[in-house]
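> Curious how this folds, go ahead:
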Amino acid sequence: MTTTTRAAVLVEHDQPLAVEEIILQDPQGPEILVEYFASGICHSQLHHINSPTARTPSLLGHEGTAVVVKVGSDVTHVKEGDHCIVTWVPRNIDIDSPALPPTSFEFRGEKRPAGVNTWSEHALINEQLVVPLTKDVATAATAIVGCATVTGVGAVMGSAGVQKGQSVAVIGVGGVGINVIAGAKIAGANPIIAVDLTDEKLDFAKEFGATHTINASETDAVAAIHEITGDGAEFAFDAIGGPVTTPQTLAAVRSGRTGASRGGSAVIVGIPRAPVVLPPEAFPGGEKHLIGSVGGSSHPATDYPQYIDWFQRGELPLDKMITTVYQGLDKINEGVRALENGEIRGRSIMVYKS
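Below is the predicted model:
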């Protein structure tokens, strides 16, 4: 059997997405057919939309919540009717695991490969990208767990291993940056310094645990971080990624002293779109660490339930992070436009069904 549904399809680069019907086959083997409750709108998808090398037509979106409609014969961790989180981070693999086989969809009469996709009303997803969610958990607020939260909170807990009392600076406090700040607060970091270009976003960051804010359009952010911390932050997170912010992040962490101690850690979370030139004084003299963090170095099978527990206990306010809600898939191009123009203070989502 097949399922006919609607999806936002990238047909041409730098053009509005086409909201059209696609056809999905019943799940086979490790596949799961889901119907979405909600999906986050992630900034990284703008790179895909605007990239001349991205495959077309293709489906987009990689964080959402859904109900399981059908499962393939190899699926054991969820069943029909279960709620779930859909993510781009495999839930339970090891270093030797093979690449996940793609799923597929039919569009305008042709079969196309697909991976994770959440900008659609239904999707066929590999079971590794589906994490159970109990039915007592809100499905709108948790739609951002599969990317924004695992990328931000995960970077603090998994990639960096921040401990109580350690100093943290976060450069860029959009949807991912506020998750970094929230994770740093849960970890007990102090101080937690938010850096951005607008006072509105900086004020928003205080709601999630920022103890200090720096408007980088008005002051030297690196110098201000060193002044607040005394000798530089123990951890600095680049939630933007690029030729300006990555060197700033590295310069913001403290230097080590030969024979005495190592330096601080710069954690790169954002995706750079241009080459990055690093300051020569950081290597080897500063004894600093430069860490790339993809998906928070996380293990979703164990980490996502922890995030949900923190959310339900009020320690991880996912609902407050969502500042714009679009009703239905037809609003996707408006959501993309607003995100590209910097109009989203926290995270935006689309809600398909309650």
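> Can you give me the distance of residue 128 to residue 263?
To residue 263, residue 128 is 37 Å away according to C-beta to C-beta, to the nearest Å. (C-beta placed from N, C-alpha, C; glycine too.)
> did I read that right, residue 36 in a strand?
Yes. Remark: residue 36 belongs to a strand, assigned using DSSP: H, G, I helix; E, B strand; the rest coil.
> Let me see the contact set for it.
By C-beta atoms under 8 Å, 6 or more residues apart in numbering, the contact set of residue 36 is 64, 65, 66, 86, 118, 120, 121, 122, 123, 352, 353.
> What are the buried residues along the helix or strand bottoming out on mean pLDDT in the chain?
Lowest by mean pLDDT, DSSP states H and E among the helices and strands of the chain is helix 44-50, with a mean of 88. Under the neighbour-count criterion of 16 or more other C-beta atoms under 10 Å, helix 44-50 has 45, 48, 49 buried.
> how about the nearest residue to residue 14, chain neighbours excluded?
Nearest residue to residue 14 in three dimensions, chain neighbours excluded: residue 50, at 6.0 Å (C-beta to C-beta, 6 or more residues apart in numbering).
> try residue 250
In space, residue 250 is closest to residue 266, 4.3 Å off (C-beta to C-beta, 6+ apart).
> which residues does that neighbour bridge with?
Counting by DSSP bridges, residue 266 is bridged to residue 236, residue 290.
> Run a quick neighbour tally on it.
Per other C-beta atoms under 10 Å, the neighbour tally for residue 266 reads 28.
> With residue 85 instead?
Look at residue 85: counted by other C-beta under 10 Å, it has 28 neighbours.
> and after the host helix or strand of it, which helix or strand comes next?
In this assignment (DSSP states H and E), residue 85 forms part of strand 83-86. With elements assigned by DSSP H and E, the helix or strand that comes after strand 83-86 is strand 103-107.
> Which strands or helices does that following strand pack on?
Strand 103-107 is packed against strand 18-25, strand 110-114, strand 122-126, with contacts defined by 3 or more C-beta pairs under 8 Å, 6 or more residues apart in numbering; DSSP states H and E.
> Doesn't residue 178 lie inside a helix?
Yes. Using three-state DSSP, the assignment for residue 178 is a helix.
> how about the nearest residue to it, chain neighbours excluded?
Closest residue in space to residue 178, ignoring its immediate chain neighbours: residue 208 at 4.9 Å, by C-beta to C-beta, 6+ apart.
> Pretty sure that neighbour sits against residue 182.
Yes. Assessed by C-beta atoms under 8 Å, residue 208 is found in contact with residue 182 at 4.5 Å.
> More neighbours: those two, which one.
Neighbour totals were compared for residue 208 and residue 182, and residue 182 leads with 28 against 25 (other C-beta under 10 Å).
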